[in-house]
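Q: Task: produce atomic coordinates for the following.
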Amino acid sequence: MKLFLPKITLVLSFLTLFSCVNKVKKIEPKQYKSGVVISFDDAYVDEWYNADKALQKYDWKATFCVCRIDSIGKPQIEKLLELQKEGHEIAGHGYHHYNAVKFVAQNGIDRYIKQEIDPMMVSMKQKGFNVSSFAYPYGERSDQLDKALSPKFKVIRGRDFCAVAPEKEGSYFRDSKFMYAFDIDNNHIHFSIPYVLELLDYANKNNKILILCSHKPVKNLTANYQTKIETLEFICKYMKLNDMAFYRLSDLDNLEIIN
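A: As a prediction, this is how the structure comes out:
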């Protein structure tokens with residue numbers, strides 16, 4: 001019997017190694033074509049729902065980043081669930097909508113997670129939302145926050161406040177889970193339809209994914225943090241004419257940049 005032990009041991013070692021290799025098999029990143037992420041922040045659920053009805057003809061998809069989930073009424077929760085069922089993404093935007101950077105500076109990162117992230121995730125899961133993306137309230141972020149939240153979300157989004165030239169903007173997907181969005185609200189100092197057109201053209205010609213954010217979609221502007229439905233239609237029409245793809249924030253997980 002002793003003469004066969006080395007062979008048996010060798011076979012078992014090989015099987016164990018083969019099994020381990022299979023378990024750690026790397027998931028190949030997905031390639032992509034040019035497109036746009038349209039995201040919305042806060043809790044303007046009725047307006048989001050109405051915008052969806054107006055834009056369904058473009059087969060659009062969006063990401064709705066929700067805050068104060070336990071302050072939203074039952075009719076609005078049902079609308080969010082319907083949006084999720086239609087293929088839109090429901091993402092996190094904070095339980096109380098605290099400015100993360102300012103809160104952490106005063107109270108620390110652990111308290112921020114316990115008050116702003118953990119209860120948000122528990123409540124959204126209980127209500128039936130599959131949350132894997134997070135957008136910082138007010139768009140402000142830090143390396144400390146990114147590191148702490150990285151294990152909890154596949155994609156983390158801030159806001160970009162530049163408008164110098166499309167190729168210098170931070171609001172394109174850059175092979176990272178940490179992203180920035182260009183704000184298309186009417187009160188954003190850098191927003192204009194001609195500049196949005198430049199951003200779209202750059203994405204289309206250079207195989208980029210442009211990330212946009214908004215708050216309250218409306219037919220007519222009456223206050224700050226609003227985006228005209230007309231602007232959203234302009235973006236959707238451009239995308240359809242140029243065969244660009246609609247992406248949700250979570251879709252950017254595990255993508256591969258094509259040079």
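Q: name the element the closest residue in space to Ile69 that isn't next to it in sequence belongs to?
A: Leaving aside its sequence neighbours, Ile69 sits nearest to Ser123 (Cβ to Cβ, 6 or more residues apart in numbering; 5.0 Å). Every C-beta, even on glycine, is put in place using the N, C-alpha and C of the backbone. Taking DSSP states H and E as the definition, one finds Ser123 inside helix 118-126.
Q: Show me which residues of that helix are buried.
A: For helix 118-126, the buried set under the neighbour-count rule, 16 or more other Cβ atoms under 10 Å, comprises Met120, Met121, Met124.
Q: For the spatially closest residue to the second one that is not a sequence neighbour, give me the pLDDT.
A: If I follow you right, that is Met121. Distances taken as Cβ to Cβ, 6+ apart put Val131 closest to Met121, at 6.3 Å, once the chain neighbours are dropped. At Val131, the predicted lDDT confidence score is 97.
Q: taking the mean pLDDT, what do you get for the helix or strand harbouring Tyr195?
A: Assigning secondary structure by DSSP H and E places Tyr195 in helix 193-205. In this model, helix 193-205 has a mean pLDDT of 96.
Q: Now it - C-alpha only, CSV.
A: Only the C-alpha atoms of helix 193-205 are listed here, as CSV (Å, rounded to 0.1, in the frame of the first residue of the first chain):
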residue,chain,number,x,y,z
ILE,A,193,-27.8,73.0,-24.8
PRO,A,194,-24.8,73.9,-27.1
TYR,A,195,-22.3,72.6,-24.5
VAL,A,196,-24.4,69.4,-23.9
LEU,A,197,-24.3,68.9,-27.7
GLU,A,198,-20.5,69.2,-27.6
LEU,A,199,-20.4,66.6,-24.8
LEU,A,200,-22.6,64.2,-26.8
ASP,A,201,-20.6,64.7,-29.9
TYR,A,202,-17.4,63.9,-28.1
ALA,A,203,-18.9,60.8,-26.6
ASN,A,204,-20.2,59.6,-29.9
LYS,A,205,-17.0,60.2,-31.9
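Q: just the helices in the stretch 1-150 of the chain please.
A: Taking DSSP state H, counting those that start in this stretch, the helices of the stretch 1-150 of the chain run over residues 5-23, 45-55, 74-85, 100-107, 109-112, 118-126, 143-149.
Q: Would you mind giving these as TSV with mean pLDDT and distance to Ile235 added?
A: Output for the helices of the stretch 1-150 of the chain, formatted as TSV (pLDDT from 0 to 100; distance: least, Cβ to Cβ, whole Å):
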stretch	mean pLDDT	distance to Ile235
helix 5-23	42	43
helix 45-55	98	9
helix 74-85	98	18
helix 100-107	98	28
helix 109-112	98	33
helix 118-126	98	27
helix 143-149	97	28
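Q: For Ser192, which of the ones you listed is the nearest?
A: Across the helices of the stretch 1-150 of the chain, Ser192 has its closest neighbour in helix 45-55 (20.5 Å, Cβ to Cβ).
Q: Quick check: buried residues in that closest one?
A: Val45, Glu47, Trp48, Tyr49, Asn50, Ala51, Asp52, Ala54, Leu55.
Q: Distance check, the nearest residue to Asp41 once chain neighbours are set aside against Thr222.
A: Closest residue to Asp41 apart from its sequence neighbours, by Cβ to Cβ, 6+ apart: Cys65 at 4.8 Å. Plainly put, Cys65 is 22 Å away from Thr222 if you go by Cβ to Cβ, to the nearest Å.
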